[in-house]
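>>> Quick one, structure for this:
(2 chains)
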Amino acid sequence: MKQRRVRFAPSPTGPLHIGGVRTALYNYLYAKQAGGKFILRIEDTDSQRFVPGSEEYVIESLKWCGIVPDEGVDKEGKVVEIPCEEHPHAPYRQSQRKHIYRKYAEQLVASGNAYYAFDTPEELNALRKEAEAQKSSFIYNHESRNSLKNSLTIPADEVERRLAEEDGWTIRFKIPENRVVKMYDLIRGDIEVNTSTLDDKVLWKRADELPTYHLANIVDDHLMEITEVIRGEEWLPSLPLHYLLYEAFGWEENRPQFAHLSLLLKPDGKGKLSKRDGDRLGFPVFPLQWINEDGEISHGYREDGYFPEAFVNMLAFLGWNPGTEQEIFTLEELVEVFSLERVVKSGARFNHDKAKWYNQEYLRRKSTQELVEAFRALEGERLAPFDDQYVGAAVELIRERAYFVYEFWELCSFLFEAPGEYDPAGVKKFWKDDVKEIIPQVAHLLEDLEPFSKSVIEERLENQIRSNDWGMGKVMNTLRLFLMGRNSGPGVADIMAILGKKEVLQRINNAITHLG
RNA sequence: GGCCCUAUCGACUAGUUGGUUAGGUCGCAACUCUCUCAAGGUUGAAACACGAGUUCGAAUCUCGUUGGGGCUACCA
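Numbers count the residues shown, from 1 in each chain, chains lettered A, B, ... in the order given. This is a model prediction of the structure:
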């Protein structure tokens, strides 16, 4: 059996959107499952829309996710430009493969499958406008091509002259008339389209002397011996053209199989997920932060505190499921169980809550030490005076309450800084005459307590409060207020054990003098 | 408009050969635990878009309608 070779082929026109990351992920999982190759190819045949930095962004995003290309990118994370043993098909950037495509385009003209067209963009736009006015649409196809300026209507010597003297020409594919193209999609099954509904797509652009996606894509997939093309659903309407191109080149024998992935949809309303939805609804649409030329910042999952494993797991389940009830999978486990047969055909709405839940699940699976390190990475200055044991105790106290490491400080800052003020609502609710009498007595009870551990504190407090009939709620909530400045949070005994006797007594006394 | 894809709880989905009390997860609600808030535990509300047809029997097969999505560039 042939080795599986799949590719992810983004265009460097800006940051990679999470839908793109998902496509890359599915390609990667599919390749790795069979011990195949995952190839990265940069499809930069649109010189107009090129955005500097996007190629690096794609590579860094994939790296963050743990999706490392086998071919196309070297160990330094650079796109390979010169062929070598590991990257025999270099260059992997289409702009650097220009010389390759031209002859294939010419070959199609020679075989009668394509033709030169001399119509200017202005002329075509005028035709489109005209058709629109008559509530129809202009299509460059078998009906119109014979009345337009191309090598099918212009005498051969004239064509020769114009090709030599002018640079205003394109090469168009000559779509056959009234033929049914029978296609097969690994996710969708059989698809049939009549060629008469298709238009004569441009294969070679005058504008930048480069092939269009359609030509470059087919040529490269063939030359790079791609076995399966897994791409977004937006390419499904082009599939008949691509089949016809394989046929015209005589490459049907080893034409890759195709799988079209449904698109990611907005969480609300209509349409596919876009950059603006992230800004509007407050969640990232990109794996990594992106800053455009105007200095506008788009949020990224990485910068927003997501673990890459959680992000990948969440993305994998958006449009795929293993058919079992397990929902937590590492990348390695996903490689094991992934299958295209289980990819869902309909579009999936992105859900921010589920993404957060995944992060929480992964946070819970981290060791305390890993979380201490992540916490320190975020709050270095403030945590510096405290040793790992103390920070670890703090982390263990609040880890169950967090979705993200960045929430840690808010949840346990009181363990590192004594409260400067006390929540007025809590003071009003608990700091009453009877409690003012009781708290000093409670403080006194703690003074000789040894060891000052959670269970010992808990036992002493509970016994005394109950036997004196002071009221558990009143006393405990007041203590919590004095220890952390707020009236909701972890258990009082837990807090005390971490802070230590001296600090606890000091905080209680401070509060008493402060509040009077 | 034309062409193509698609249709199960609010969301993600299971239900691959027609017979299930239509299952799970997120979210939501209630109860429970409890010194508060979380977390946990238990429970609940919640779906086969609609209409025909085939069949003893349809979420599942067929057709149609409707909804959703994509494409319709010398963009990918």
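>>> going forward, measure contacts between C-alpha atoms and count neighbours the same way
Noted.
>>> For stretch A:331-348, measure first residue to last.
21 Å (CA to CA, to the nearest Å).
>>> Name the residues that touch that stretch?
Outside stretch A:331-348, the residues that touch it by CA atoms under 8 Å, 6 or more residues apart in numbering are A:29-30, A:32-33, A:66, A:186-188, A:259, A:261-265, A:309, A:312-313, A:318-323.
>>> And the residue of the stretch 301-450 of chain A that's closest to RNA strand B?
Nearest residue of the stretch 301-450 of chain A to RNA strand B, counting by CA to the nearest atom of the strand: residue A:319, 2.9 Å away.
>>> Around that residue, how many other residues sit close by?
20 (other CA atoms under 10 Å).
>>> Next up, the contacts around it.
Neighbours of residue A:319 in contact, by CA under 8 Å, 6+ apart: A:262, A:343-348.
>>> Please pick the buried ones from those.
Buried by 16 or more other CA atoms under 10 Å: A:262, A:343-345, A:347-348, out of the contacts of residue A:319.
>>> In strands, which of the residues you listed appear?
Judged by DSSP state E, the buried ones among the contacts of residue A:319 include residue A:348 as members of strands.
>>> Would you indicate which residues of the worst-scoring helix or strand of chain A on mean pLDDT are buried?
Using mean pLDDT, DSSP states H and E, the weakest-scoring helix or strand in chain A turns out to be helix A:275-281, at a mean of 85. Buried residues in helix A:275-281, counted by 16+ other CA under 10 Å: A:275, A:277-278.
>>> nearest to residue A:57, of these?
Distance to residue A:57 across those (CA to CA) is lowest for residue A:275, with 15.7 Å.
>>> was I right about that closest one contacting residue A:282?
No: the pair residue A:275 / residue A:282 is not scored as a contact, 10.9 Å apart, by CA atoms under 8 Å.
>>> Tell me the secondary structure at residue A:38.
Classification of residue A:38 by DSSP: H, G, I helix; E, B strand; the rest coil places it in strand.
>>> I'd like the distance between it and residue A:162.
Residue A:38 is 43 Å from residue A:162, by CA to CA.
>>> Could you do residue A:20 as well?
41 Å.
>>> again, but for residue A:97
Residue A:97 is 26 Å from residue A:162, by CA to CA.
>>> what are the ranges of the helices in the stretch 251-400 of chain A?
A:275-281, A:308-316, A:331-337, A:352-365, A:368-378, A:380-383, A:388-398 (DSSP state H, counting those that start in this stretch).
>>> Could you name the helices and strands sitting against the fourth one?
Where contact means 3 or more CA pairs under 8 Å, 6 or more residues apart in numbering; DSSP states H and E, helix A:352-365 is packed against helix A:308-316.
>>> between the helix it packs on and helix A:352-365, how big is the angle?
Calculated by axes from the mean of the first three to the mean of the last three CA atoms, to 10 degrees, helix A:308-316 forms an angle of 140 degrees with helix A:352-365.
>>> tell me what helix A:308-316 is packed against?
helix A:18-33, helix A:54-65, helix A:331-337, helix A:352-365.
>>> Comparing residue A:20 and residue A:162, which residue is more hemmed in?
Under the criterion of other CA under 10 Å, the comparison of residue A:20 against residue A:162 puts residue A:20 first, with 21 against 14.
>>> residues contacting the more buried one?
Contacts of residue A:20 by CA under 8 Å, 6+ apart are residue A:10.
>>> and what of residue A:349?
Shown in contact with residue A:349 (CA under 8 Å, 6+ apart): A:264-268.
>>> can you give me the helices in the stretch 51-200 of chain A?
With DSSP H, counting those that start in this stretch as the criterion, the stretch 51-200 of chain A has helices spanning A:54-65, A:98-110, A:121-133, A:156-165.
>>> Now do the same for residue A:168: its pLDDT.
pLDDT, residue A:168: 84.
>>> That one against residue A:122, yeah?
No: in this structure residue A:168 lies outside contact range of residue A:122 using CA under 8 Å: 11.8 Å.
>>> Compare those two (neighbour count), which wins?
Set residue A:168 next to residue A:122 and count neighbours by other CA under 10 Å: residue A:168 wins out with 15 against 9.
>>> Run through the residues that contact that one.
The contact partners of residue A:168, by CA under 8 Å, 6+ apart, come to A:118, A:120, A:206.
>>> where does it sit relative to residue A:503, distance-wise?
Taking CA to CA, one finds residue A:168 at 82 Å from residue A:503.
>>> For the stretch 151-300 of chain A, which residues are neighbours of RNA strand B?
Residues of the stretch 151-300 of chain A lying near RNA strand B by CA under 7 Å from any atom of the strand: A:168-170, A:188-189, A:191-194, A:197, A:201-202, A:204-208, A:211-214, A:233-238, A:262-263, A:265, A:267, A:269-272.
>>> Determine how far the last residue of stretch A:344-353 lies from the first.
21 Å.
>>> and it, anywhere near RNA strand B?
Yes: Stretch A:344-353 reaches RNA strand B (CA under 7 Å from any atom of the strand) through A:344-351, A:353.
>>> Can I get these in CSV including distance to residue A:24?
Shown next, in CSV, are these (distance: CA to CA, whole Å):
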residue, distance to residue A:24
A:344, 16
A:345, 17
A:346, 19
A:347, 17
A:348, 17
A:349, 19
A:350, 17
A:351, 20
A:353, 23
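>>> Okay, and the beta partners of residue A:291?
Assessed by DSSP bridges, residue A:291 has beta-bridge partners residue A:297.
>>> what about it, neighbour count?
Using other CA under 10 Å, residue A:291 has 13 neighbouring residues.
>>> thought it was touching residue A:297?
Yes: the pair residue A:291 and residue A:297 qualifies as a contact (CA under 8 Å) at a distance of 4.5 Å.
>>> So what's the residue count around residue A:486?
By other CA under 10 Å, the residues close to residue A:486 number 21.
>>> One more: residue A:374?
15.
>>> show me what contacts it?
So residue A:374 contacts residue A:405 (CA under 8 Å, 6+ apart).
>>> now the end-to-end length of stretch A:39-47.
This stretch, stretch A:39-47, spans 22 Å end to end (CA to CA).
>>> is that stretch up against RNA strand B anywhere?
Yes: using CA under 7 Å from any atom of the strand, stretch A:39-47 reaches RNA strand B at A:43-46.
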